[in-house]
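**Student:** the following block contains a protein sequence and its predicted model.
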Amino acid sequence: MTISRRDLLRSGLVLGGAASLGAADLLTSVSTAATRTLAAPKPTTLAVTLRRGAPGRGGYRPVVHRGGEPHVVRTDLGVPAQARRAGRRRALLAFAHLTDVHVIDVQSPMRVEWLDRFDDQDQEGDPTTGIVASAYRPQELLSAQVAEVMVRAVNDVGVGPVTGAPLEFALQTGDNSDNAQLNEIRWNIDIMDGRRVRPDSGDLSRFEGVGDDNALYYDTHYWHPEGTPPGKNRDQPRRIYGFPKVPGLLAASRREFDACGLRIPWYTAFGNHDTLVQGNFPDTLPLSEVAEGGLKLITPPPGVSQADLISALRGDYQGFLLSLSATPYVRPVTADPDRRILSRGEVVEEHFQTVGDPVGHGFTTLNRTNGTAYYTFDRGMVRFIVLDSVNPNGESNGSLDQAQFKWLEDELEAATDRVVVIASHHTIDTMNNPFVGTGGDPEPRVLGGEIKELLLDHPQVVAWVNGHTHRNQIWPRRRENGPGGFWEINTASHVDWPQQSRMIEVVDNRDGSLSIFATMLDHNGPAAYGGRLNTPAALASLARELAVNDWQQRGAGLLGKANARNVELLVGAPSVVTG
């Protein structure tokens, strides 16, 4: 189990693309890309990017505008980028990829912020997933507003920036909630649907979490935006890392807002945080009772180790809280039945309680009947195969059960007349969880390497989109015995810097190749929130500023390399395209 901490436009295109395109192709590509991008009402990262500004006190940085980034052409699969393809190409599909939204109930007693201090340094190689990685972030109280403003950005752009083709749908690839709680699942669905959302729980008249100014339970490890209670020391984020004081933020973060809702259909996939407690633990009645109950651990008692606390989580956590209920380490909070932990089947069912399109958001009647969460859907000649990569036996990384793997084999055999895109929460490399629980499915789990080999045997597979790592990454998955294969496209999260999603366009170059254009999209909160707390956009802007200054993420590199952000990925065209 991972328990360590984290785990302008035209000129930009000319400068960045000249090395990889022929002269004639370059001129055509620049002209086409510029025209298509300007057709979008709002700029994308092709025109302007957001980056870390100069550090101030404690290393605290603003978010600033920088120049746009052109598409980097990648031919790692051995498929050449032919000259003049831009003049021949036709769009097959454009869609938005959103992942790791992590809409978080920060006041929940089932949050484990207290684990954060056990790895309180930002160190090279720290993983970004696991128990401690998701324990506490200063920006997480604004996760609902970030989700809302990302939806607005998708709506505002509306088209693929290269082809101008309308975005046909949005695809969430898991960890849409943080703790598999009913209220978090509902907030995500209602934000995507466009309903009224109140990201609050427990006592709706006050904030009851680790960041308030309650002197009795004040802990300097957490950021307290309202300031320091009399007689207490300043918190570490303000004293060491230069975090600001933001009076009124706790009330503003809990304020109701009317979500705008996606103007396009949306589909979803399961992530470990959507069905496992804190993304690691199978749902049990005692843990759900803790989530709904009235005791929240704030500070680890002296002499209690990280191992002791994780053991308590796996065992009698409720009894552990009760044993500390008369101490300043555990605070009473208002119980809330809407915090109950949902099973996989219950999460699927919630997606049928929707005003958005399609009803179920990909989940099917068969999923409701047999308790599964994998399915397919078609858009034109493209078939999406959406996997449930969560290991229900626990731990943050994933794998497939044998029945789902057989289903995947059958679906691939039946899809020879389609271009196929795979979608899941986990990456190939993080599908390495072989754990088989007692009393459950006794069959061995299927890991990422075996799944990759299956996909490489099917030339109609051109891409696999996923999340989980919170980092922008792209891998060529090439056949060993010759050119060809598929691209694995891994997108950053909404909750950690850089808080981005992607627009993905599948394009037929009419020369035996496809181009998959992937373009990063920032949410449309302004670069600087300007001291305002009165709109979701302003709050999302502050959340991004806090995320870039998260003291445990400052060197994490989650933005990814340039060749994993705005890219053109060349892949062989399946026979259904060339025939």
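**Tutor:** Noted; the coordinates are in hand. Note that this is a predicted model, so its numbers are computed, not measured.
**Student:** domain ranges for the chain?
**Tutor:** Residue ranges for the domains of the chain, per automatic domain parsing: 9-204+254-294+333-578, 205-253.
**Student:** which one of these lies closest to residue 304?
**Tutor:** domain 9-204+254-294+333-578 (9.6 Å; Cβ to Cβ). Using the backbone N, CA and C atoms, a C-beta is placed for each residue, glycine as well.
**Student:** show me where the stretch 51-200 of the chain has its strands.
**Tutor:** Remark: strands of the stretch 51-200 of the chain, listed N- to C-terminal, are 63-67, 72-74, 90-98, 170-172, 196-197; assignment by DSSP state E, counting those that start in this stretch.
**Student:** return the most buried member of these.
**Tutor:** Between the strands of the stretch 51-200 of the chain, strand 170-172 has the highest mean count of neighbours, a mean of 26, where neighbours are mean count of other Cβ atoms under 10 Å.
**Student:** now do it: everything it contacts.
**Tutor:** Contact with strand 170-172 is made by 95-99, 101, 154, 188, 192, 262, 264-269, 384, 423, 465, as judged by Cβ atoms under 8 Å, 6 or more residues apart in numbering.
**Student:** what's around residue 365, how many residues?
**Tutor:** 9 (other Cβ atoms under 10 Å).
**Student:** format the domains of the chain as TSV; extra columns: distance to residue 301 and mean pLDDT.
**Tutor:** TSV is the format used below for these (distance: least, Cβ to Cβ, whole Å; pLDDT from 0 to 100):
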stretch	distance to residue 301	mean pLDDT
domain 9-204+254-294+333-578	10	90
domain 205-253	12	97
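**Student:** before we move on, back to that, output the strands of the stretch 51-200 of the chain as CSV; include the columns distance to residue 374.
**Tutor:** CSV is the format used below for the strands of the stretch 51-200 of the chain (distance: least, Cβ to Cβ, whole Å):
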stretch, distance to residue 374
strand 63-67, 38
strand 72-74, 29
strand 90-98, 18
strand 170-172, 14
strand 196-197, 28
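**Student:** I'd say residue 179 and residue 341 touch.
**Tutor:** Yes - at 7.3 Å, residue 179 counts as touching residue 341 under the criterion of Cβ atoms under 8 Å.
**Student:** find residues that contact each of these two.
**Tutor:** Shared between the contact lists of residue 179 and residue 341 (criterion: Cβ under 8 Å, 6+ apart) are residues 110, 277, 291.
**Student:** spatially nearest residue to the second one, not counting backbone neighbours?
**Tutor:** The shortest distance from residue 277 to any non-neighbouring residue, by Cβ to Cβ, 6 or more residues apart in numbering, is to residue 287 (4.9 Å).
**Student:** SS state for the one you found?
**Tutor:** Taking DSSP: H, G, I helix; E, B strand; the rest coil as the rule, one finds residue 287 in the helix state.
**Student:** can I assume it is in contact with residue 342?
**Tutor:** No - contact criterion Cβ under 8 Å: residue 287 and residue 342 do not qualify, at 11.9 Å.
**Student:** contacts only, for residue 452.
**Tutor:** The neighbourhood of residue 452, defined by Cβ under 8 Å, 6+ apart, consists of 428, 477.
**Student:** for it, give its distance to residue 184.
**Tutor:** Taken as Cβ to Cβ, to the nearest Å, the spacing of residue 452 relative to residue 184 amounts to 32 Å.
**Student:** which strand or helix spans residue 516?
**Tutor:** Assignment of secondary structure by DSSP states H and E places residue 516 within strand 513-522.
**Student:** ok, and what's touching stretch 345-352?
**Tutor:** Residues external to stretch 345-352 that are found in contact with it (Cβ under 8 Å, 6+ apart): 180, 182, 185-186, 189, 268, 270, 274-275, 342, 359-363, 367-368, 371, 373.
**Student:** ranges for the helices of the stretch 401-550 of the chain?
**Tutor:** Counting by DSSP state H, counting those that start in this stretch, the stretch 401-550 of the chain has helices at residues 402-413, 448-456, 536-548.
**Student:** and residue 504, which of those helices is closest to it?
**Tutor:** helix 448-456 (17.6 Å).
**Student:** list the buried residues for that closest one?
**Tutor:** By neighbour count, and taking 16 or more other Cβ atoms under 10 Å as the criterion, the buried residues in helix 448-456 are 448, 451-452, 455-456.
**Student:** so what's the most centrally placed residue in the chain up against?
**Tutor:** Within the chain, one residue has its C-alpha closest to the average C-alpha position: by Cα atoms, centre = their mean, that is residue 100, at 1.7 Å. Residue 100 is in contact with 173-175, 271, 467-468, 470, 492-496, counting by Cβ under 8 Å, 6+ apart.
**Student:** which residues are in contact with the residue lying closest to it once chain neighbours are set aside?
**Tutor:** Using Cβ to Cβ, 6+ apart and skipping the chain neighbours, the partner closest in space to residue 100 is residue 493 (3.3 Å). Taking Cβ under 8 Å, 6+ apart as the contact definition, residue 493 lies against 99-102, 175, 467, 470, 499, 558.
**Student:** need the max-distance pair from those residues.
**Tutor:** For those, with distances taken as Cβ to Cβ, the pair at the greatest spread is 101 and 558 (15.1 Å).
**Student:** and these two? Which one has more around it.
**Tutor:** residue 101 (31 against 21).
**Student:** these two touch, right, the more buried one and residue 147?
**Tutor:** Yes - with the criterion set as Cβ under 8 Å, residue 101 and residue 147 qualify as a contacting pair; they are 5.1 Å apart.
**Student:** joint contacts of these two?
**Tutor:** When contacts are counted by Cβ under 8 Å, 6+ apart, the set common to residue 101 and residue 147 consists of 188, 494.
**Student:** how many other residues sit next to residue 307?
**Tutor:** Quick note: residue 307 (other Cβ under 10 Å) scores 10 neighbours.
**Student:** can you report phi and psi for it?
**Tutor:** Dihedral angles phi and psi of residue 307 (degrees, to the nearest 10) take the values phi -60, psi -40.
**Student:** quick check: residue 561 vs residue 498, distance?
**Tutor:** Looking at residue 561 against residue 498, where the rule is Cβ to Cβ, the gap reads 13 Å.
**Student:** common neighbours of these two, please.
**Tutor:** Taking Cβ under 8 Å, 6+ apart as the criterion, residue 561 and residue 498 both touch residue 472.
**Student:** which residues in the stretch 151-300 of the chain form helices?
**Tutor:** If DSSP H, counting those that start in this stretch is used as the criterion, the helices of the stretch 151-300 of the chain fall at 182-193, 236-241, 249-253, 272-275, 285-292.
**Student:** how about TSV for those, with mean neighbour count and distance to residue 415 added?
**Tutor:** Conversion of the helices of the stretch 151-300 of the chain to TSV gives the following (neighbours: other Cβ atoms under 10 Å; distance: least, Cβ to Cβ, whole Å):
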stretch	mean neighbour count	distance to residue 415
helix 182-193	24	27
helix 236-241	18	50
helix 249-253	20	45
helix 272-275	28	26
helix 285-292	19	39
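**Student:** ok, and what's touching stretch 524-541?
**Tutor:** Defining contact as Cβ under 8 Å, 6+ apart, one finds that stretch 524-541 is touched by 42, 50, 62-65, 142, 145-146, 148-150, 152-153, 156, 246, 248-249, 252-253, 257, 499, 523, 542-545.
**Student:** off-centre distance for that stretch?
**Tutor:** If you compare the mean C-alpha spot of stretch 524-541 with that of the full chain, they lie 20 Å apart, counting by Cα atoms, centre = their mean, to the nearest Å.
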